[in-house]
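In: I need the structure of the sequence given here:
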Amino acid sequence: MRKSVRYILNGLTLPVFVVDPDRKISFINKSAKMRYHEAYTGQFFNELITSKKCLDALELVLNGEPNATANVILQEVVPTSFRVSLSRLDADSEPLPSCVLSFEDISHIQEAEQMRHDFVANVSHELRSPLTALSGFVETLQGAAANDKVARERFLDMMSNEADRMARLIGDLLSLSKLQASERVAPTDRVDLFRILSSVSSSLSGLADANKVKLKLDFSNSMPLVTGDSDELTQVFQNLIENAIKYSGNGSTVSVSFAPPKQGKSHLCIMVEDTGEGIEPTQIPRLTERFYRVDKGRSRAQGGTGLGLAIVKHILIRHRGWLKISSQLEKGSIFAVYLPVSKEKD
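Out: This next block holds a predicted model:
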């Protein structure tokens, strides 16, 4: 193989092998050496790569086909998906062709496709449930309850609740889609968190009273301004404080407090803490996944769509902040929001 070809193959970021007519590896580029430390020239290729799909494609090319492709899963540290591209390499000095194989890691594409599939399945399920309920109520109203005023009012009230649930779900889906489309662009406004937290806490005081939850506020108007979008940050704290009130239980306390940036750091912290039943440690990493619920029945009963914390996560990503969740069973949970302090404008 010519030096110029070797230089080109070594410059590629994909792992590349050249396999000779005897099915032995005759060349390994730098990327392949970094990924497959055990590979060596002169090694039979099927000792390194055992995938039948890949080996069948290799046979096709060595037996005359100019090109072939194969999607394979190879066991590395974790099972990894690759798109293998194979091309015939003819050399004047060799009577039989060799084969160039490049390995493109497509695991992220497969994962994205699986996420899309799961998302569509979840949305379909979440919309089907209230639609099924509405259909059942309509059928009942057209039949046995047609002339029953009390039953009619009760069913109409339930239909209204199901319609509201669908509206919340669609609204959250649109919010999430908008956030994901714009999260690369950070907001630039200077926002007063004291006003936002005061407004949200005031609007939720009635809910706290209804749930017999004490709402404790520990922040002042001396908080520094943050860089952000006022409406989106209102949505963050509305979601977190409302969740804490709804799920902490009667007689519990929900505290909203502020911690200034640590020495040399640029992010302040707002903590929403409750004294509820806590969350299993194994469930905490999944709380910001779309449609993930710790208690599905309880969440739906409270009017939850399963998208609230996913929206919070994406808002904070756009704000170049983050959410940290900690919890202890029977003691409560803390949702800590970190946001960048706004720099003084010249």
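In: which residues in the stretch 1-150 of the chain form helices?
Out: For the stretch 1-150 of the chain, applying DSSP state H, counting those that start in this stretch gives helices covering 3-11, 30-35, 45-48, 52-62, 107-142, 149-182.
In: any chance of these in TSV, with distance to residue 98, mean neighbour count and mean pLDDT too?
Out: Placement of C-beta: from N, CA and C, glycine included. Formatted as TSV, those follow (distance: least, CB to CB, whole Å; neighbours: other CB atoms under 10 Å; pLDDT from 0 to 100):
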stretch	distance to residue 98	mean neighbour count	mean pLDDT
helix 3-11	11	12	85
helix 30-35	15	16	92
helix 45-48	11	17	94
helix 52-62	8	17	95
helix 107-142	28	13	76
helix 149-182	45	14	80
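In: can you redo those helices as JSON lines with distance to residue 17?
Out: Converted to JSON lines, those look like this (distance: least, CB to CB, whole Å):
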{"stretch": "helix 3-11", "distance to residue 17": "9"}
{"stretch": "helix 30-35", "distance to residue 17": "6"}
{"stretch": "helix 45-48", "distance to residue 17": "7"}
{"stretch": "helix 52-62", "distance to residue 17": "10"}
{"stretch": "helix 107-142", "distance to residue 17": "19"}
{"stretch": "helix 149-182", "distance to residue 17": "38"}
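In: Residue 322: which of these is closest?
Out: helix 149-182 (14.8 Å; CB to CB).
In: Tell me what angle that closest one forms with helix 107-142.
Out: 160 degrees (axes from the mean of the first three to the mean of the last three CA atoms, to 10 degrees).
In: Which secondary structure elements does the helix or strand that helix 149-182 is followed by sit against?
Out: Using DSSP states H and E, the helix or strand that follows helix 149-182 in sequence is strand 189-191. If you count contacts as 3 or more CB pairs under 8 Å, 6 or more residues apart in numbering; DSSP states H and E, strand 189-191 packs onto strand 226-228, helix 230-248.
In: How about residues contacting the shortest one?
Out: Read that as strand 226-228. 186-191, 193, 233, 268, 319-320, 339-343 (CB atoms under 8 Å, 6 or more residues apart in numbering).
In: Buried residues, that strand. List them.
Out: For strand 226-228, burial by neighbour count (16 or more other CB atoms under 10 Å) applies to 226-228.
In: Ok, stretch 94-102 next?
Out: 97-102.
In: distance between the ends of it?
Out: Using CA to CA, to the nearest Å, the end-to-end distance of stretch 94-102 comes out at 21 Å.
In: Run through who's touching that stretch.
Out: With CB under 8 Å, 6+ apart as the test, stretch 94-102 has contacts from 1, 9, 12, 14-21, 26, 54, 58, 61-62, 84-91.
In: Quick one: distance of it to the chain centre.
Out: The chain centre lies 43 Å from the centre of stretch 94-102; the measure is CA atoms, centre = their mean, to the nearest Å.
In: Please identify which helix or strand holds residue 270.
Out: strand 267-274.
In: so where does residue 315 fall, helix or strand?
Out: helix 308-318.
In: and that helix, what does it pack onto?
Out: Partner elements for helix 308-318 (3+ CB pairs under 8 Å, 6+ apart): helix 149-182, helix 230-248, strand 322-328, strand 332-340.
In: out of those, nearest to residue 281?
Out: Using CB to CB, the helices and strands packed on helix 308-318 put strand 322-328 closest to residue 281, at 7.4 Å.
In: tell me the pLDDT at residue 292?
Out: Looking at residue 292, its pLDDT is 80.
In: returning to what we had before: go through the buried residues of stretch 94-102 and name the one nearest residue 39.
Out: Distances from residue 39 to the buried residues of stretch 94-102, taken by CB to CB, are shortest for residue 101, at 11.7 Å.
In: what's the residue closest to the geometric middle of the protein?
Out: Centroid check for the chain by CA atoms, centre = their mean gives residue 289 as the closest residue, at 5.4 Å.
In: any idea how far that residue lies from residue 85?
Out: When distance is defined by CB to CB, to the nearest Å, residue 289 is 34 Å away from residue 85.
In: With residue 184 instead?
Out: Residue 184 is 31 Å from residue 85, by CB to CB.
In: And residue 79, by the same measure?
Out: 20 Å.
In: Looking at those two, which is more packed in?
Out: residue 85 (17 against 9; other CB atoms under 10 Å).
In: returning to what we had before: double-check that the residue nearest to the centre of the chain belongs to a helix.
Out: No - with DSSP: H, G, I helix; E, B strand; the rest coil as the criterion, residue 289 is coil rather than part of a helix.
In: who's in contact with it?
Out: Residue 289 neighbours (CB under 8 Å, 6+ apart): residue 310.
In: packing partners for the helix or strand hosting residue 199?
Out: Per DSSP H and E, residue 199 falls inside helix 193-203. Secondary-structure packing of helix 193-203 (3+ CB pairs under 8 Å, 6+ apart): strand 214-218, helix 230-248, strand 253-259, strand 267-274.
In: Distance of the closest residue to residue 42 other than its chain neighbours relative to residue 47?
Out: Spatial nearest neighbour of residue 42, chain neighbours left out: residue 24 (5.7 Å); criterion: CB to CB, 6 or more residues apart in numbering. Relative to residue 47, residue 24 is positioned 10 Å away (CB to CB).
In: My read is that residue 225 contacts residue 189, right?
Out: No - using CB atoms under 8 Å, residue 225 makes no contact with residue 189, being 9.3 Å away.
In: more crowded one of those two?
Out: Shown here are residue 225 and residue 189; by other CB under 10 Å, residue 225 has more neighbours (16 against 12).
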